[in-house]
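>>> Structure for this input, please:
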Amino acid sequence: MKKKLKSALLPLNFLLLLFGMLLSGCHHKESASHFSESAEQALSTFELPPGFKIELIAADPLISDPVDMTIDEEGRMYVVEMHGYPLDLNHTGKVIMLRDTNGDGKMDTRTVFADSLVLPTGVMRWKKGILVTDPPNVYYMEDTTGDGKADIKKVMLTGFALTNPQYLVNRPIYGLDNWLYLAHEGIEETNIYPKKFGDTGSDIFYPDDPEGPRLPVNAEGRTVRFRPDVHALEETSSSTQFGQTFDDWGHHFLVSNANHIFQEVIANRYLKRNPDQLVGNATESLSDHGDACEVFPITKNPEHQLLTDVGVITSACGITDYQGGAFPDKFNHDITFVCEPVSNLVHVDHLKDNGATFTASRVLENKEFLASTDAWFRPVNMYIGPDGALYVVDYYREIIEHPEWMSESAVKAGNLYNGRDKGRIYRISASDAGPASWTSQLNLNDSTDVQLVEKLSNPNIWWRRNAQRLLVDRNHEIVVPELIKMAQNTQSSLGRLHALWTLEGMNKLTPELVMQALGDPEPGVRENAIKLAELHLDAWPDLVPKLLALKEDNNAKVRYQLLCTLGSINTPEASEARQELLFKDINDKWVQIAALSASSSQSVAMMEGILNKFDPNIPAYASLVERLATMIGASQNTKAIHPFLQKAVNPVPGAKSGWQASLLEGLSEGLKSRKSLPAGLGEEQDLLVKTCFNHPDVDVRKSARHILQVVGLPGGAQSQAIMKQAKHLAEDNALSPEKRAEAIHMLALQNPKQYASFLENLIKPDAPLAVQLSAMQALGTIPDATVSSFVLKQWMELTPGVRDAALNTFIVEPFNVQRIRLLLDAIKEGKIQKGALGWERTVILMRDIPDTLKELARSLLTNKDEDRKSVIQKYEAALKLKGDPANGKVIFQTNCIICHQVRGKMGVAFGPDLGTVHNWTSEGIMINILDPNLSISHGYDMWNVMLTNGTSKQGIISTETPNAIILSSEGGIKTTIARQNIKSLKTMGVSAMPVGFEKKINKQQMADLLSFLRAN
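So this is what the prediction gives:
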């Protein structure tokens, strides 16, 4: 059901044509999967590893269109039915309560617990009822009369977007920390159905407490956590699409359609603590076999739509960390399952520790945990039951993709709702497991408090989680002694863990228990004890020395959590401990981020410590210096900044080197982000100018110049002297081209109008390329149209490399209308061919320039006469030619490797890995090479980012956090941009992938390329 496919909006390059091919899917012949299987017959279509069995627990007509489920403490199963997917908003959604009345382990009685829901997505047991996510609301529903129907339907939270159904708030979970977590992701802007799915949300808040806490519009697309009893409400640092899960120790794992497992590594509270540290991504992808990993379906006559990525994860959802304790050993610990409904299977990974995070590896080679030959099998969610079995929720539809990304013919075929009256829930258990007795024998609600405490040590998370929830709800002080005993038991580390968090939820935790837990033999308990201590640092200061002692802990995750927590303690001892922890694990980027999450007021002392220990042989030191210097530049005064400038620019014989340029570059970035420069910084101009001209290290000179671009040059005669010296160096042919280019860049530190003729004379075919490019860039800084007139006059003499830089000068922001007019006139008159613009510049001219020129640009640049069908027909002959994969590899390397890899090799990991294209037909690959603009989809849209300094950047927003975004551009280059520096964000709204690749290769070369891609 979830189809987060990658966009065709990318830079002009064939490798991005292939990107579109990967993302746009193949053209398919008429499917033969129009016939569904009966529920009983469907059982024969499955393959499972040895040691497992699968059986039905509920099926149509008892249920239909199920997307989530939960089992309460009395053995009742609540099932969410989303009948409206994909386009029906007529309140057809339901929550069904199922019971087993004859004790055979299968559900046989259906009661409509709630109806008239729009697009319900998730359900969780809460208090005496359930929580249901149905955007824009999260409801609490309860049956107070005993008739099996909800007579209470209260809106707990509201404000979530009602957009494309694949991006709605979903899957509520009761966390170990007693918070309720809502899976959530940003909106998907619709081009085809704006009236139905144009609701982008509002502030998220408690409607019965309008003056209470509020989150920004749609929680800025992030996962939400809340505590209804105390009206607490927060957004996390990450987002997830459909599904979320926690492991035994509370690590949070997330999923998106093209990334089947990633982890939120650093919490939002730590990022908010220091907004001067720019962190654009709070998550880590865990898979060692690809985010969108290769899958091995066994489907007969699969139903693939326009954007189906055949052979790879393309609809990952329903991620579940298995904690049932009832599976064979190989699948019983550190295991995650994820649904892949498009390919009719469930994938399985094994997790192993990797510093602050994990690595997820395949459990099974070349096969999946669960796969079906039935093309209608659509697993979308999973649930661990009281028996430790894994319950698989099967939406059972012919078509799972959303029509937003389907071909027009497929939408008009009338099959969108085929299977709307069907649905199944399967029970997967060990081969020797008995029937599901909980369906008729369960009544945890009648358990005494003492009995509930005993369940906190159960190997099955269902019992632990529900026992904890019930104990916190009851909040009986009389049970506290029993909870303390459980927190001190020596047999079950999970029992100790849940007892501690239960006591915390009841406000009965004591410093003595936390102190004891900080020394627990189980690392996961120590890690959580640190989190518990963090909640009480003000009230229990005696915990701090015990925390500091943990800096020698032998577990990386314990040390990482300690580092996060110590950032809230501003003492010399805590600062020293943070530095020790940092240097112990400095190669872990998350350790660096955690160390720098402390308040910026502590950044100066930390920098001094890092420079004293700097090791040029370890690259992590340089990146750390730059991160920290960025914080110092963004937050400190001139008095604090000056000593670091002095250290960086004054070579000291025998001193450690390698950090100076990184420090200056970080200061530059930090200063650039400030609304105003700190007083007195102008006094550093002389020092920086001398560095730019005289320092022996080219990187130091470059970084010093970047700071000068921020602070400016001295005025008057001194400025003229600097310009004169720069000109003298620039015209000295005895110097290296790189040294001359540096001098030209110095000329551009102020308006170089008086040197225009000099700069123009440097742009000649016989001049070094570095000199020509720097001169062109310097000319472009003259505010008028001087550079444009020169470019048009010299266009025929400019080499291709210089032409690209020249074209950029026409469309720098803020836009110069005169420059753009000259460019458009040149295109109109044929002096410059429109094909020379490249697609990104074409998009900017058609969309972002002033309205007075936009229509002219569109009339000149729109491709009116291109006929892709005729091109495809012409190249069909290539399908009959024998291809040479060796020659195809050369074509691939020539055009594709700056943004793509093949199975993790050859190239840059910017677009998807092309190693799985071998699953496609040659025809499908070729069609998408020649006609790449089949669709634009969520996740890889090209964005135009307008900055507050008047400039702009284009690229893909690969990740984001509350205080920064990471923008990816061609070649895998990533730029972190602080949100405070962003004036506006706009999707460019048109595919950046150009047509016309047939002009670059002939039919035989196409055959060779196809042969190479198929071979891989």
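
>>> how close does Pro737 sit to Ala730?
According to Cβ to Cβ, to the nearest Å, Pro737 and Ala730 sit 11 Å apart. Glycine gets a C-beta too; all of them are placed from N, C-alpha and C.

>>> Give me the common contacts of those two.
Val771 (Cβ atoms under 8 Å, 6 or more residues apart in numbering).

>>> quick one: which of the two has more around it?
The neighbour comparison of Pro737 against Ala730 (other Cβ atoms under 10 Å) goes to Ala730, with 25 against 16.

>>> I figured the more buried one hits Ala743, correct?
Yes: applying Cβ atoms under 8 Å, one finds Ala730 in contact with Ala743, separated by 4.1 Å.

>>> I'd assumed Thr975 was in a helix, is it?
No: membership of Thr975 in a helix is not supported by DSSP: H, G, I helix; E, B strand; the rest coil, which gives strand.

>>> That one pairs with what?
Residues in a beta bridge with Thr975, per DSSP bridges, are Leu967.

>>> pLDDT wise, what is it at?
Per-residue confidence (pLDDT) for Thr975: 81.

>>> Now for it: which residues touch it?
Lys953, Gly955, Ile966, Leu967, Ser969.

>>> Same question for Pro66.
Here Pro66 is in contact with Val79, Val80, Glu81, Asn381, Val393, Asp394, Tyr395, Gly423, Arg424, Ile425 (Cβ under 8 Å, 6+ apart).

>>> count of residues packed around Val698?
Residues near Val698, counting by other Cβ under 10 Å: 13.

>>> which residue sits farthest out from the middle of the chain?
Largest separation from the mean C-alpha position in the chain: Ala717, at 51.5 Å (Cα atoms, centre = their mean).

>>> tell me which element that residue is part of?
Secondary structure assigned from DSSP states H and E places Ala717 in helix 716-730.

>>> if we can go back for a sec, just flag the most distant two among the contacts of Pro66.
Val80 and Arg424 (14.3 Å; Cβ to Cβ).

>>> quick one, which of these two is more surrounded?
More neighbours surround Val80 than the other of Val80 and Arg424, with 30 against 26 (other Cβ under 10 Å).

>>> which residues of the stretch 1-150 of the chain fall in strands?
For the stretch 1-150 of the chain, the strands defined by DSSP state E, counting those that start in this stretch cover 46-47, 52-59, 66-71, 77-81, 93-99, 109-117, 122-126, 129-134, 137-142.

>>> between the longest one and strand 129-134, how many degrees?
It stands for strand 109-117. 50 degrees (axes from the mean of the first three to the mean of the last three Cα atoms, to 10 degrees).

>>> in strand 109-117, what counts as buried?
In terms of neighbour count (16 or more other Cβ atoms under 10 Å), strand 109-117 has its buried residues at Arg110, Phe113, Ala114, Leu117.

>>> if I pick the second one, what's in contact with it?
Applying Cβ under 8 Å, 6+ apart to Phe113 gives the contacts Tyr78, Lys94, Val95, Ile96, Met97, Ile130, Met141, Asp143, Gly148, Lys149, Ala150.

>>> go with 6 Å
Val95, Met97, Ala150 (Cβ atoms under 6 Å, 6 or more residues apart in numbering).

>>> same question, the third one
Applying Cβ under 6 Å, 6+ apart, one finds that Ala114 lies in contact with Val95, Met141, Ala150.

>>> Nearest to Lys1000, out of these: which one, please.
For the contacts of Ala114, the nearest to Lys1000 is Val95 (55.9 Å; Cβ to Cβ).

>>> now Arg821: how far from Thr951?
21 Å.

>>> Would you confirm that Met631 contacts Ser603?
Yes: between Met631 and Ser603 there is a contact at 4.8 Å, judged by Cβ atoms under 6 Å.

>>> what sits in contact with each of those two?
Contacts common to Met631 and Ser603, judged by Cβ under 6 Å, 6+ apart, are absent.

>>> burial count for Tyr621?
By other Cβ under 10 Å, 23 other residues sit near Tyr621.

>>> Look up the pLDDT of it for me, please.
92.

>>> follow-up on the earlier one: give me the more crowded residue out of Arg821 and Thr951.
Neighbour count, other Cβ under 10 Å: between Arg821 and Thr951, Arg821 has more, with 18 against 13.

>>> number of nearby residues for Lys38?
No, residue 38 isn't Lys; it's Ser. 10.

>>> scratch that, Met515
Other residues close to Met515 by other Cβ under 10 Å number 17.

>>> Specify the local secondary structure of it.
helix.

>>> Kindly give the local confidence score, pLDDT, for it.
For Met515, pLDDT reads 98.

>>> Contact partners for it?
Lys546.

>>> Where does pLDDT dip in the stretch 151-300 of the chain?
Residues of the stretch 151-300 of the chain that meet the criterion pLDDT under 70 lie in 189-191.

>>> Can you show me the strands along it?
Going by DSSP E, counting those that start in this stretch, the stretch 151-300 of the chain shows strands at 152-158, 170-174, 180-183, 204-205, 214-215, 224-227, 232-235, 244-246, 252-256, 259-264, 283-285.

>>> what's the closest of the ones you listed to Leu364?
Comparing those by Cβ to Cβ, strand 259-264 comes nearest, at 14.3 Å.

>>> What is that closest one packed up against?
Judged by 3 or more Cβ pairs under 6 Å, 6 or more residues apart in numbering; DSSP states H and E, the packing partners of strand 259-264 are strand 252-256, strand 283-285.

>>> and the last one, how far out from the chain's middle?
Using Cα atoms, centre = their mean, to the nearest Å, the distance from the centre of strand 283-285 to the centre of the chain it belongs to is 8 Å.

>>> pLDDT score for the closest residue to Asn751 other than its chain neighbours?
Among residues not flanking Asn751 along the chain, Ile782 sits closest, at 6.2 Å (Cβ to Cβ, 6 or more residues apart in numbering). Confidence at Ile782, expressed as pLDDT, is 95.

>>> if I read this right, Ile782 contacts Tyr755, doesn't it?
No: contact criterion Cβ under 6 Å: Ile782 and Tyr755 do not qualify, at 9.2 Å.

>>> and the lengthiest helix in the chain, which residues are buried?
The residue-count maximum for a helix in the chain (DSSP state H) belongs to helix 619-635. Buried residues in helix 619-635, counted by 16+ other Cβ under 10 Å: 620-622, 624-635.
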